[in-house]
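*Asks:* starting from these lines, generate the structure:
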Amino acid sequence: MLQIAAEVTMPGKFKSLKGQLLLDGGKLAGSCFHRTVVLICQHDPEGAFGLVVNRPTDKKIGEALVADLPDTLKDKPLFLGGPVQPQALSYLHADTLLPDANVLPNLNLEHSLDELVELGGSFSPTQQLKVFAGYAGWSPGQLDDEMKRGAWLTHPASLELVFADGVSGLWSQIVRQKGWQYRLLSEQPEDLNWN
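*Replies:* I've put the predicted structure just below:
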């Protein structure tokens, strides 16, 4: 038992996926993660937190949030960040220079409604903002187990992919970029019964 504990705490064993995109590796059909692209915002031995960047809801931010929002925010789409706590607010904010960015260079994860309202009222022409209801969460070791089972493919995140306009085809686009061996996966129909 002592030997196992020593192996678990050995430095270098844990590999954080923070700043990576997780892509449904073709094994998540029938789940809420089917064909999703998830940005891993936090990942450490205590668990992981991510946001599904390619699942817009049919609601606008102004319809979902009870707050005095700037007009610039009201008509932006609200995204479903994941199945955990669908009432929880999260948002990704990017700009040309964010020295304290906590996900990627110039990309910050926030949860404060007051700060969201303040950002919506700012006049930065280079600002990008994506607002989410809910999130994807993993308990300690859960994501690592899913990775070992091949449930997910990884791809380096970028601001261009996180804030891509054509989110309906984002999963296929990124999977195709993974190489020829994933071409069939990227081209299979949404429902395999269509074959």
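*Asks:* low-confidence stretches in this protein?
*Replies:* Applying pLDDT under 70 to the chain picks out residues 1-12, 189-195.
*Asks:* apply 80 and report the result again.
*Replies:* Applying pLDDT under 80 to the chain picks out residues 1-13, 184, 186-195.
*Asks:* let me see the ranges of the strands in it.
*Replies:* All strands of the chain, identified by DSSP state E, fall at 20-24, 37-44, 47-52, 56-60, 77-80, 84-94, 107-110, 128-138, 152-156.
*Asks:* nearest to Trp180, out of these?
*Replies:* When the strands of the chain are compared by C-beta to C-beta, strand 152-156 sits nearest Trp180, at 14.1 Å. C-beta coordinates here come from the backbone N, C-alpha and C atoms, glycine included.
*Asks:* mind putting the strands of the chain into a markdown table with distance to Pro70?
*Replies:* Output for those, formatted as a markdown table (distance: least, C-beta to C-beta, whole Å):
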| stretch | distance to Pro70 |
| --- | --- |
| strand 20-24 | 29 |
| strand 37-44 | 24 |
| strand 47-52 | 22 |
| strand 56-60 | 13 |
| strand 77-80 | 15 |
| strand 84-94 | 14 |
| strand 107-110 | 16 |
| strand 128-138 | 11 |
| strand 152-156 | 33 |
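*Asks:* now the ones you listed in a markdown table, with mean neighbour count?
*Replies:* Converted to a markdown table, the strands of the chain look like this (neighbours: other C-beta atoms under 10 Å):
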| stretch | mean neighbour count |
| --- | --- |
| strand 20-24 | 23 |
| strand 37-44 | 22 |
| strand 47-52 | 23 |
| strand 56-60 | 14 |
| strand 77-80 | 20 |
| strand 84-94 | 18 |
| strand 107-110 | 19 |
| strand 128-138 | 21 |
| strand 152-156 | 16 |
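*Asks:* Ala94 pairs with what?
*Replies:* Leu107, Gln128 (DSSP bridges).
*Asks:* give the contact list for it.
*Replies:* Contacts here follow C-beta atoms under 8 Å, 6 or more residues apart in numbering; on that basis Ala94 touches 106-108, 127-129, 159, 162-163.
*Asks:* looking at those, which one is closest to Leu23?
*Replies:* Set against Leu23, the nearest of the contacts of Ala94 by C-beta to C-beta is Val162 (13.4 Å).
*Asks:* just give me the neighbour total for the closest one.
*Replies:* Applying the criterion other C-beta atoms under 10 Å, we find 21 residues in the vicinity of Val162.
*Asks:* same deal with the one 3 residues further on?
*Replies:* Asp165 is flanked by 6 other residues according to other C-beta under 10 Å.
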